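[1] my questions are about this predicted structure, shown below with the sequence.
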Amino acid sequence: MSPPPAVSVRRAGRLKLLLIAAVFAAPMLLAVLLTVGGWQPAGKASGEPVQPQRNFVEEGVRVTLADGTRYAWRDSEPRLTLVALAGPGCAARCVEALTRMTAARITLNRNAPRLRLLYLGTPPAGAAGEGMARYWLLGADADGRLAAFRPQEADSVSALLVESNGTALARYPAGFDPTGLRKDLQKVIR
């Protein structure tokens, strides 16, 4: 004997409801299983993550600017900081990398003010050093706490991308690709 038509319609409706719920629940269940299993998607960032995580505010990293004031890692508005750390004798290659970092900031267009440029070290001699003050805040690592990030090779520069709360996000070692840095900045600063 077959069930009355109203009961079979009700069963069909419940089955459709369960299928719809399963369609929405399956991705969430899969995400939970992958997370519990320890799988994390690999990012395509050019910078290397700073390991172990460091927060320059909590560590009390002091940067003294050229005018004698102390650099505030936390700003009045949320802005990231790109810190350039020059190796000994910043000359042609170093200046080229700094110019490309400045260009990466400019390509952010209306979001460019959301990135501060901080140069730590002795500025290059001549016109290149004089022109840097237009785009870069010039300063020094007062206690040498960022020495581990500074390159040892002459005429080289490395960079750090620091969150507005003082947390170092990514490290770009000497010889990094400025195009990759630009792409990373465009992903982070929106």
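    Thanks, I have it.
[2] contacts only, for N165.
    N55, V57, W73, R74 (CB atoms under 8 Å, 6 or more residues apart in numbering). Every C-beta, even on glycine, is put in place using the N, C-alpha and C of the backbone.
[3] in helices, which of the residues you listed fall?
    Judged by DSSP state H, those include V57 as members of helices.
[4] among the contacts of N165, which ones are buried?
    W73 (16 or more other CB atoms under 10 Å).
[5] now, the most widely separated pair of the contacts of N165?
    Farthest apart among the contacts of N165 by CB to CB are N55 and R74. That separation is 10.4 Å.
[6] could you measure from the closest residue to G121 other than its chain neighbours over to N55?
    Spatial nearest neighbour of G121, excluding adjacent residues (CB to CB, 6 or more residues apart in numbering): A86 at 3.6 Å. Using CB to CB, to the nearest Å, we find A86 at a distance of 23 Å from N55.
[7] next structured bit after the longest helix along the chain?
    Using DSSP H to define each element, the chain has its longest helix at helix 5-36. Counting by DSSP states H and E, the next helix or strand C-terminal to helix 5-36 is strand 48-49.
[8] can you give the strand pairings for that following strand, parallel or anti for each?
    When pairing is defined by DSSP bridges, strand 48-49 lines up against strand 168-172 (antiparallel).
[9] so what does the helix or strand just after the partner strand touch, helix or strand wise?
    Once strand 168-172 ends, the next helix or strand along the chain (criterion: DSSP H and E) is helix 178-188. Contact here means 3 or more CB pairs under 8 Å, 6 or more residues apart in numbering; DSSP states H and E; on that basis helix 178-188 packs against strand 80-86, helix 92-106, strand 157-162, strand 168-172.
[10] now do helix 178-188 and strand 168-172, the angle between them.
    Helix 178-188 and strand 168-172 are oriented at 160 degrees to each other (axes from the mean of the first three to the mean of the last three CA atoms, to 10 degrees).
[11] which residues touch helix 178-188?
    Taking CB under 8 Å, 6+ apart as the rule, helix 178-188 contacts 45-47, 80, 82, 97, 100-101, 103-105, 107-108, 115, 159, 161, 169-170, 172.
[12] separation between S156 and S76?
    Taking CB to CB, one finds S156 at 33 Å from S76.
[13] for those two, indicate the residue with more neighbours.
    The neighbour count for S156 versus S76, taken as other CB atoms under 10 Å, is higher for S156 (22 against 6).
[14] any idea how far that one lies from G37?
    41 Å.
[15] same question for N109.
    N109 is 40 Å from G37, by CB to CB.
[16] before we move on, what about A147?
    39 Å.
[17] ditto for A84
    39 Å.
[18] what about the two, which has more around it?
    A84 (22 against 8).
[19] spatially nearest residue to that one, not counting backbone neighbours?
    Nearest in space to A84, with sequence neighbours left out and distances taken as CB to CB, 6+ apart, is Y119 at 4.8 Å.
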